[in-house]
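# I need the structure of the sequence given here:
(4 chains)
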2 protein chains.
Amino acid sequence: MSIERVRRRRRTPEEARQEALVCARARLLAGGPDSVTLKAVADDLGMTHANLIHHFGSAEGLQSALMGSMVADLSNALDTAIARLRTDDGAPLELVNAVFDAFAEGGAGKLAAWIVLKGDLSHLEPVRAAVNGLVHAIQDKLGDPSEASQIRLSSAVLFIALSAFGEALIGEPLRDMLDQDEDASRRVVAGLLPYFVARSER
Amino acid sequence: MSIERVRRRRRTPEEARQEALVCARARLLAGGPDSVTLKAVADDLGMTHANLIHHFGSAEGLQSALMGSMVADLSNALDTAIARLRTDDGAPLELVNAVFDAFAEGGAGKLAAWIVLKGDLSHLEPVRAAVNGLVHAIQDKLGDPSEASQIRLSSAVLFIALSAFGEALIGEPLRDMLDQDEDASRRVVAGLLPYFVARSER
DNA sequence: CGCTCTATTGACATTGCTGTTAGTTACATC
DNA sequence: GATGTAACTAACAGCAATGTCAATAGAGCG
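Numbering: from 1, shown residues only, chains lettered A, B, ... in the order given. Next up is the predicted model:
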């Protein structure tokens, strides 16, 4: 019986951080904020929690990096939607789907809820640019650079974002209560969109 | 120098639970879920955490009771909105305001986010009746008992609830990003409401 | 007043998470 | 192959939250 010597894996700092963030995100989405602890993430990765502290400085450092990573993903998803909006001739449903997907699939909905509950609103700041970009992209597409249209489109984006966020978090139980199918929220929001460009906001 | 003997206050079980729940709710809204601990709540009330365990059984018992209390309040707020809808001739803005207030003031928004992040969806169950009551109340008011109208109104309620929930959580930062005033969300939602009764959902 | 019931306390044990430190090992470079 | 850097580990200490238990004391009741 020979002594099994476990071969130790050595990652680059970037690899280590990346793997940890992927794992931490999965934990956040599956088990909530309380399940993303140093020990839990370290165990998942087959390392010790001390090593995570080595890479992120502290537990708060890991959480902060996770927020940053997820916010960046949300930002990128919105930017992609903007780019497609500027080039393709996507229907309004396309845009709505893009925003809803960004909040649902990337876990941005749960992320934002976590941030708000903790009170760290500053982490949401990088989203500002993307959100405003969305307004301008729609404005350019419609070819109406007036001040009035910007205000109107801002409220449209506000409306889409609120709905997408809500759907990502409480959509499933709420739709279940109301006997609505899985696509109901997107359909409703997309259906209401034309009224924003047609009429002036009261 | 006489020995100061601290006079011990003795509450009825109902008083104790009530005070604890009020305090726990304030903590949840101000500092997030992590700030509602046995010790913190007990300190606020001038008692020991052991006494809280005596009344609620465990920390989880306190959290569960808090969720129950807040869900009940949300349910009542919705019922009040329903009652007013059945008697008064409230404008659509009234209804929207009632739902938005229910999510914002009572803290139902943060509560729901907390429940979803923890994964305890069962706690939301008592809301089902109120939500469905809302659909039927609107339907009665419009005097159209058809199946089609119910489906349409369900999607309207879904849409209002998602928006109200979103506004309660990320409304403030999002409106700030978009240069929208405090009432923007309510105004937009109320403005879109007429389109639900007028047209058939695509 | 004496008695009972139980809300309440204080002290202790336990557990899980965070953070520190000294030492170990993988890997790149010479 | 020798060497240095730093990724990594093991063991420990500290802390905060939860939970247990025996003892205390407020309030109603005879």
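# how about stretch A:75-87, does it reach chain B?
No - figure legend: stretch A:75-87 not in contact with chain B (Cβ under 8 Å from any Cβ of the partner chain); closest approach 11.7 Å. (Glycine included, C-beta is placed from N, CA and C.)
# meant to ask about stretch A:109-123, not that
Yes - interface with chain B: stretch A:109-123 contributes A:110, A:112-114, A:116-119, A:121 (Cβ under 8 Å from any Cβ).
# Ranking by neighbours, what's the top pick from these?
With neighbours taken as other Cβ atoms under 10 Å in any protein chain shown, the top of the residues of stretch A:109-123 next to chain B is residue A:112, carrying 29 neighbours.
# in the helix or strand where residue A:15 lies, what counts as buried?
Assigned by DSSP states H and E, residue A:15 belongs to helix A:13-31. Buried residues in helix A:13-31, counted by 16 or more other Cβ atoms under 10 Å in any protein chain shown: A:16-17, A:19-21, A:23-25, A:27-29.
# what's the answer for stretch A:85-95, then?
Across stretch A:85-95, burial judged by 16+ other Cβ under 10 Å covers A:85, A:92, A:95.
# and the longest helix for chain A?
Ranked by residue count and defined by DSSP state H, the top helix of chain A is helix A:59-87.
# Tell me if the helix or strand following that helix is near chain B.
Next helix or strand after helix A:59-87 toward the C-terminus (DSSP H and E): helix A:92-104. No - judged by Cβ under 8 Å from any Cβ, helix A:92-104 and chain B are separated, with a smallest distance of 9.8 Å.
# So what touches stretch A:137-151?
For stretch A:137-151, contacts defined as Cβ atoms under 8 Å, 6 or more residues apart in numbering or on different chains pick out A:82, A:85-86, A:95, A:135-136, A:153, A:156-157, A:197, A:200-201, B:179.
# contacting residues for residue A:76?
Going by Cβ under 8 Å, 6+ apart, the list of residues near residue A:76 is empty.
# so how far is chain B from it?
Separation of residue A:76 from chain B (Cβ to the nearest Cβ, to the nearest Å) stands at 17 Å.
# What distance do you get for that residue to residue B:30?
Residue A:76 sits 33 Å away from residue B:30, going by Cβ to Cβ, to the nearest Å.
# Could you list the domains of chain A?
Annotated domains of chain A cover A:11-57, A:68-198 [automatic domain parsing].
# coming back round to it: name the next helix or strand following the helix holding residue A:15 along the chain.
For helix A:13-31, the following helix or strand on the C-terminal side (DSSP H and E) is helix A:38-45.
# is that next one anywhere near DNA strand C?
Yes - interface with DNA strand C: helix A:38-45 contributes A:38-40 (Cβ under 7 Å from any atom of the strand).
# Please point out which parts of that helix sit buried.
Buried residues in helix A:38-45 (16+ other Cβ under 10 Å): A:38, A:40-42, A:45.
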